[in-house]
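> coordinates only, sequence not included:
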């Protein structure tokens, strides 16, 4: 599905990623973990073509995508829920969804506005509300729903539940668990280790732009030393 090998990226003269390698298999949920400033968002931006890699390769569905324009990567089947949500503030909820709707892989049961409203009932009640008038939790639901409307083969979520109220976080994790049951491949960034070890198959920890540990959920949950060393505040 997604294969990242030896990825390096920088902002000007400041190098952020140093040989990052990981992969996401079809139907898997994989996480990128680490404290703030360790390179997680830069990794996502490099995968999506927002930051041009200095070295390394990114292959999606067997085809190289490193260096491609972001819209080409999105068209190839990668859906992004960006950090900070970035919904269209002057469009209604329904307009936000329709603006990104596509079914390039010709799914038999594609995501539609009605289907995402069933996944996120609060959005259905706010279908005519402008994006700028939504709460933070509603905006995050809309950002996920908007990405799903592209019918992605791989869904990437950067800081899936950051800054959200506990009830909204629970709703987002419920959504992600359902997507996994449906076979959706997901690359996930978040800080809730307990929730991620519950739903994810494999984890990669970034420290200063390098992968310093990787393993399955069972091992990460049992390794308090690893959590304290690389994820503790």
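Nice, thanks for sending it over. Quick caveat, the model's predicted, so the values are computed rather than measured.
> What lies in contact with whichever strand or helix holds residue 22?
Secondary-structure element containing residue 22, defined by DSSP states H and E: strand 14-24. Under the criterion C-beta atoms under 8 Å, 6 or more residues apart in numbering, residues 1-10, 30, 32, 39, 42-43, 46, 53-54, 56, 154, 185-187, 204, 206, 208-211, 214 lie in contact with strand 14-24. Yep, even glycine has a C-beta here, placed from its N, CA and C like the rest.
> If we use 6 Å, what do you get?
Contacts to strand 14-24, defined as C-beta atoms under 6 Å, 6 or more residues apart in numbering, come from residues 1-10, 30, 39, 42-43, 185, 187, 204, 209-211.
> Buried subset of those residues, written for PyMOL?
The PyMOL command for the buried members of those (criterion: 16 or more other C-beta atoms under 10 Å) is given here:
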select buried, resi 1+2+3+4+7+8+9+10+30+39+42+43+185+187+204+209+211
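> Filter the contacts of strand 14-24 down to the ones in helices?
Taking DSSP state H as the definition of helices, the contacts of strand 14-24 contribute 42, 43.
> Among the contacts of strand 14-24, which are located in strands?
2-10, 30, 185, 187, 204, 210-211 (DSSP state E).
> which of those residues sit farthest apart?
10 and 185 (28.0 Å; C-beta to C-beta).
> Could you report the distance from the residue nearest in space to the middle of the chain to residue 133?
In the chain, the centroid-proximal residue (C-alpha atoms, centre = their mean) is residue 157; its distance is 1.7 Å. Distance from residue 157 to residue 133, counting by C-beta to C-beta, to the nearest Å: 23 Å.
> same check, this time on residue 154
Using C-beta to C-beta, residue 154 is found at 31 Å from residue 133.
> Compare those two (neighbour count), which wins?
The neighbour count for residue 154 versus residue 133, taken as other C-beta atoms under 10 Å, is higher for residue 154 (23 against 12).
> Could you pull up the contacting residues of the more buried one?
Here residue 154 is in contact with 2, 78, 185 (criterion: C-beta under 6 Å, 6+ apart).
> can you redo those residues as a markdown table with distance to residue 221 and pLDDT?
As requested, these are exported to a markdown table (distance: C-beta to C-beta, whole Å; pLDDT from 0 to 100):
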| residue | distance to residue 221 | pLDDT |
| --- | --- | --- |
| 2 | 24 | 96 |
| 78 | 29 | 96 |
| 185 | 22 | 96 |
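> Distance to residue 219 for those residues - can I get that in a markdown table?
Formatted as a markdown table, the contacts of residue 154 follow (distance: C-beta to C-beta, whole Å):
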| residue | distance to residue 219 |
| --- | --- |
| 2 | 22 |
| 78 | 28 |
| 185 | 21 |
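> The spatially closest residue to residue 102 that is not a sequence neighbour in helix, strand or coil?
Excluding the flanking residues, the one nearest residue 102 by C-beta to C-beta, 6 or more residues apart in numbering is residue 150, at 5.2 Å. Under DSSP: H, G, I helix; E, B strand; the rest coil, residue 150 falls in the coil class.
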